[in-house]
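In: Pasted the sequence and its predicted model underneath.
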Amino acid sequence: MSPNKTIENNTAGPEKVQNYQVIVIGAGAAGLMCAATAAERGRTTIVLDHANKMAKKVLMSGGGRCNFTNLYVEPENFLSQNEHFCKSALSRYTQWDFISLVEKHGIEYYEKEHGQLFCKNSSKDIRDLLLTECQQVNAKIQLKCHIEKIEALAENRFEITTSLGCYQCESLVIATGGLSIPTMGATGFGYQVAEQFGHKLVPTSAGLTPVTFNGKLGQAFKTLAGNSISVEVSCNGASFKSAMLFTHKGLSGPAILQISNYWRRGEPLTINLLPDTDITEWLQTNIEQRPEIQLKTLLSTQFSQAVAGFISDLLALNCKLKQLNSQQIAHVVEKLEQWQVYPDDVEGYRVAEVTLGGVETNDISSKSFESGKQPGLYFIGEVLDVTGHLGGFNFQWAWASGYAAGSYV
Ligand code: FDA
């Protein structure tokens with residue numbers, strides 16, 4: 001495959017206006033899907049991006065193996081002020097559609113857990129899929145292109161002034177993503193464009209991010225850094241059962257990243273440390289059958305020595321099982337089942353996988369993704385106030401919204 005055919009090297013010069021029917025700003029997952037879909041319909045299409053590489057987040061995603069979708073996509077896997085907005089696009093371009101595309105490209109994949117599909121080989125397979133799809137229908141991609149100004153002209157046309165000259169189009173798609181990982185090219189550009197054309201923004205914050213702890217608990221977590229346990233963590237009506245990782249700054253791992261989308265400052269996280277065990281029954285059975293062993297010894301049958309030591313300190317009970325009175329038993333059960341911790345903060349955009357909030361969806365068509373404020377203007381992907389859970393849902397949103405807009409632009 002020769003990427004040079006599709007990736008443009010603009011030599012038009014600043015004086016010449018380049019005309020396309022569709023211009024997409026942002027060569028990420030959503031923008032490239034949209035461009036390929038639009039160009040397949042015969043629309044002359046170019047994607048402009050300021051970065052030096054396309055689809056950088058695809059490349060870095062899923063630990064280099066891109067968790068490109070999930071077998072169990074439901075609208076409930078997405079957060080938005082308007083919970084109905086995502087439904088139409090997700091039903092018109094499903095996980096099965098993207099899996100077919102992956103199979104058409106001969107990409108090998110596997111299910112890791114909870115329906116999460118990853119590339120067997122590398123994220124590059126998905127980047128190449130997107131590039132090939134664009135290439136086959138002659139959708140152009142122009143990298144290292146800095147957008148300076150966007151203007152709406154008469155007759156619903158747009159003029160985009162860039163570092164590489166001037167472009168005009170009928171349909172302009174904003175696919176510039178959210179604020180997470182600024183070093184990968186993330187900017188608030190999409191939000192500025194939205195505001196320029198009268199759209200409201202839902203306040204943004206870092207999502208799918210580790211949480212941090214100061215003080216005594218922070219110190220304890222530091223000493224446990226690298227240990228991982230299986231937990232169920234709850235907050236504000238949401239609950240996730242998965243791994244939790246102790247880190248030098250606090251807590252991370254899939255369970256914590258998931259719940260970070262629901263946590264607000266000052267609130268506790270409630271953690272069940274043995275989510276697959278009936279803790280009362282487990283404790284009673286052991287008291288009867290192994291009365292002479294220390295509580296800490298019992299804990300080390302479930303956790304690593306280091307974590308068992310930490311939980312034992314947390315329980316503040318240094319005794320044999322037979323010495324536990326009923327109040328202490330209740331205390332152990334409560335702590336193991338509903339341990340409450342108060343994070344100080346989240347780690348923030350530097351490491352967050354997504355951005356919560358974004359362009360408010362009430363003024364966007366859920367069918368075409370066209371702006372209700374400015375005909376011909378479209379917003380897709382993460383720039384919108386739609387955020388998926390961890391597990392391939394955010395890419396599925398990018399594919400679905402990109403496909404939906406690409407079918408109308
Ligand atoms: P995306 O951010 O992908 O693309 C936006 C594009 O716009 C970029 O190419 C950027 O350079 C460009 N741009 C920004 N500002 C611009 C400007 N001013 N001018 C021109 N161009 C501009 N999701 C998932 O489902 N499975 C996973 O495995 C992972 N893993 C993962 C790991 C990490 C480390 C991160 C940070 C994120 C994930 N995600 C994920 C989330 C997923 O990557 C994300 O939701 C999608 O990439 C969003 O796609 P978009 O196309 O909307 O934006």
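Out: Arrived safely, thanks for sending.

In: how about the residues of the chain near the ligand?
Out: Applying C-beta under 6 Å from any ligand atom, one finds that the chain approaches the ligand through 25-31, 49-51, 56-57, 60-62, 66-67, 147, 175-177, 180-181, 185-187, 189, 353-354, 381-382, 392-395, 398. Glycine gets a C-beta too; all of them are placed from N, C-alpha and C.

In: May I see the ChimeraX selection of the buried members of those residues?
Out: The ChimeraX command for the buried members of the residues of the chain next to the ligand (criterion: 16 or more other C-beta atoms under 10 Å) is given here:
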select :25,26,27,28,29,30,31,49,50,51,56,57,61,62,66,67,147,175,176,177,180,181,185,186,189,353,354,381,382,392,393,394,395,398
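
In: List the beta-bridge partners for the residue nearest to residue 86 when sequence neighbours are not counted.
Out: In this structure, residue 86 finds its nearest non-sequential neighbour in residue 78, 4.8 Å apart by C-beta to C-beta, 6 or more residues apart in numbering. As for beta bridges, residue 78 partners with residue 388 under DSSP bridges.

In: ok, residue 78 - contacts?
Out: 86, 90, 386, 387, 388, 389, 393, 397 (C-beta atoms under 8 Å, 6 or more residues apart in numbering).

In: Contact partners for residue 391?
Out: Residue 391 touches 67, 70, 77, 114, 115, 116, counting by C-beta under 8 Å, 6+ apart.

In: Pick out whichever of these sits closest to the ligand.
Out: residue 67 (3.3 Å; C-beta to the nearest ligand atom).

In: my guess is that closest one meets residue 117, correct?
Out: Yes - look at residue 67 against residue 117 with C-beta atoms under 8 Å: they come within range, at 6.7 Å.

In: which neighbours do the two share?
Out: What both residue 67 and residue 117 touch, as defined by C-beta under 8 Å, 6+ apart, is the set residue 392.

In: hang on, the earlier thing: among the residues of the chain next to the ligand, name the ones in strands.
Out: Among the residues of the chain next to the ligand, the members found in strands (DSSP state E) are 25, 67, 147, 354.

In: Farthest pair within the residues you listed?
Out: 67 and 147 (29.7 Å; C-beta to C-beta).

In: got a list of what the closest residue to the ligand within the stretch 251-400 of the chain touches?
Out: Using C-beta to the nearest ligand atom, the single residue of the stretch 251-400 of the chain nearest to the ligand is residue 381, 2.3 Å away. Counting by C-beta under 8 Å, 6+ apart, residue 381 touches 26, 28, 29, 30, 31, 175, 177, 397, 398, 401, 402.

In: Check what pLDDT the second one gets.
Out: In this case it means residue 28. Here, the pLDDT recorded for residue 28 equals 98.

In: That one contacts residue 175, correct?
Out: Yes - counting by C-beta under 8 Å, residue 28 touches residue 175, with 6.2 Å between them.

In: per the record, what domains does the chain have?
Out: 17-206+352-406, 211-346 (automatic domain parsing).

In: tell me the most buried of these?
Out: domain 17-206+352-406 (a mean of 21; mean count of other C-beta atoms under 10 Å).

In: measure it end to end?
Out: 23 Å (C-alpha to C-alpha, to the nearest Å).

In: who's in contact with the residue in the stretch 101-250 of the chain positioned nearest to the ligand?
Out: As assessed by C-beta to the nearest ligand atom, the ligand sits closest to residue 177 within the stretch 101-250 of the chain, at 2.5 Å. Neighbour list for residue 177: 26, 28, 30, 57, 186, 190, 355, 381, 382, 383 [criterion: C-beta under 8 Å, 6+ apart].
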